[in-house]
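Colleague: Generate a structure from the sequence data that follows.
(one chain, ligands or ions: 1)
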Amino acid sequence: MKFNLNDIIRPNILSLAPYQCARDEFEGVASIYLDANENPYDNGLNRYPDPYQAELKSHIGRIKGVDSHQIFLGNGSDEAIDLLYRIFCRPGRDNYISISPSYGMYDVCGKVNDIERREAVLTADFQIDVPQIQNLWDENTKLIFLCSPNNPTGNTLNREDIITLCRSFNGIVVVDEAYIDFATTPSFTNEINHYPNLVVLQTFSKAWGLAGIRLGMAMAAENIIALFNKVKYPYNVNVLTQQKALDTLIHQADTVNLQIAEIVKERDKMSERLRSIPHVERVYPTEANFILVKIKEASRCYLQLLDEGTVVRNRSKVILCDDCLRVTIGTPEENKKFIEQLLAILD
Ligand code: PMP
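Modeller: Below you'll find the model as predicted:
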């Protein structure tokens, strides 16, 4: 298979001349800025942000071991998911493949963009079935969405299977690694120089503790990132978000690492504890910051937990997740309370 990026881009995007904002035309340092119709009175936020977030990307690049030009930053990784459709998929003509069960936004964005979905149901142990996926694609299949660790199942997908898809698919393989910082398996960011069709998604919303600033990233070969830059809103990541992310990367990395270690420890403790409860039928192995638990009368449990003031995610109507709740790992005190509440409900 010879992957050729230009062959799979939507023709209107391939030929698009992107909007040139004021800060595209002039990138240097001036003493007087009369180019962008901003209010000149300094309040810390009167200037537009850097459209390409150069400083932030250079820090992220160092941490992730990728070049700045291999990073796209967006309003959550949800923005990157939406842009992938807009860059590659012709509405009403092209299709994409996504796994079930998995994160819901791949399919919502697919519908918004009027792109046909082809569903690849995971095996009973929540792995991908490579030949099944290979049978699903045709010449109009542009994207395959994978998620590892997967949401809501918590497991990582087999590395070799992902690599087989990258090698054999003539479109883009997206590996969503929103939860990778909680996993022991290595990230696929190390592979973006080897596979020209691989896009890795990560986010500041989970391990970094910054869900409120809305910052997500896509990492891929430079020519793919150039397409994201072409299609995105010019100032898609605001000044406050850039500042807060930089401050956290520079000053809070140690704290974040301690929090991750604590969450992982609590997760493993909570898994053990749940396994010892008779009404709990199955605690699925997890490499994320949540646990999928199969429990008798999950929906009743869910409602009774709500009565106690604790909200978990009821996944019992999701394919392969009958009677399953997805429980995020909280602080040690919150986890202890949750277990006490669950024991009282199941008593
Ligand atoms: N990917 C997965 C697998 C997720 O579970 C989530 C959020 N729940 C996201 C992406 C979205 O992340 P963001 O907050 O960066 O949009």
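
Colleague: got the contact list for the one helix or strand K336 maps to?
Modeller: According to DSSP states H and E, K336 maps onto helix 332-346. With Cβ atoms under 8 Å, 6 or more residues apart in numbering as the test, helix 332-346 has contacts from 262, 266, 269-270, 273-274, 277-279, 295-296, 301, 304-305, 308, 310, 312, 327, 329-330. (Glycine included, C-beta is placed from N, CA and C.)

Colleague: List buried members of those by neighbour count.
Modeller: Buried positions within those, assessed by neighbour count (16 or more other Cβ atoms under 10 Å), are 266, 270, 273-274, 295, 301, 304-305, 310, 312, 327, 329-330.

Colleague: now those in TSV, with secondary structure, distance to the ligand and pLDDT?
Modeller: Listed next are the buried ones among the contacts of helix 332-346 as TSV, based on DSSP: H, G, I helix; E, B strand; the rest coil; distance: Cβ to the nearest ligand atom, whole Å; pLDDT from 0 to 100:
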residue	secondary structure	distance to the ligand	pLDDT
E266	helix	19	98
M270	helix	19	98
R273	helix	24	97
L274	helix	21	98
I295	strand	21	97
C301	helix	22	97
Q304	helix	25	97
L305	helix	20	97
T310	coil	19	98
V312	coil	14	98
V327	strand	14	98
I329	coil	14	98
G330	coil	16	98
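
Colleague: residues contacting the residue nearest to C89 when sequence neighbours are not counted?
Modeller: Nearest-residue entry for C89: I115, 4.5 Å, with adjacent residues in sequence omitted and distances by Cβ to Cβ, 6 or more residues apart in numbering. By Cβ under 8 Å, 6+ apart, I115 lies in contact with 85, 89, 91, 94-96.

Colleague: can you give me the offset of the lowest-mean-pLDDT helix or strand in the chain from its chain's centre?
Modeller: Here the helix or strand of the chain ranked lowest by mean pLDDT, DSSP states H and E is helix 22-25, holding a mean of 84. Offset of helix 22-25 from its chain centre (Cα atoms, centre = their mean, to the nearest Å): 30 Å.

Colleague: Quick one: neighbours of whichever residue of the chain sits closest to the ligand, just the number.
Modeller: Going by Cβ to the nearest ligand atom, the ligand is nearest to G76 of the chain, at 2.6 Å. A count of nearby residues for G76, using other Cβ atoms under 10 Å, gives 20.

Colleague: Do I have it right that it meets T203?
Modeller: Yes. Using Cβ atoms under 8 Å, G76 is in contact with T203, at 6.6 Å.

Colleague: what touches both of these two?
Modeller: With Cβ under 8 Å, 6+ apart, G76 and T203 have common neighbours 215-216.

Colleague: got the residues of the stretch 1-150 of the chain near the ligand?
Modeller: Residues of the stretch 1-150 of the chain found near the ligand (Cβ under 6 Å from any ligand atom) are 76-78, 103, 147.

Colleague: So which of these sit within helices?
Modeller: 77-78 (DSSP state H).
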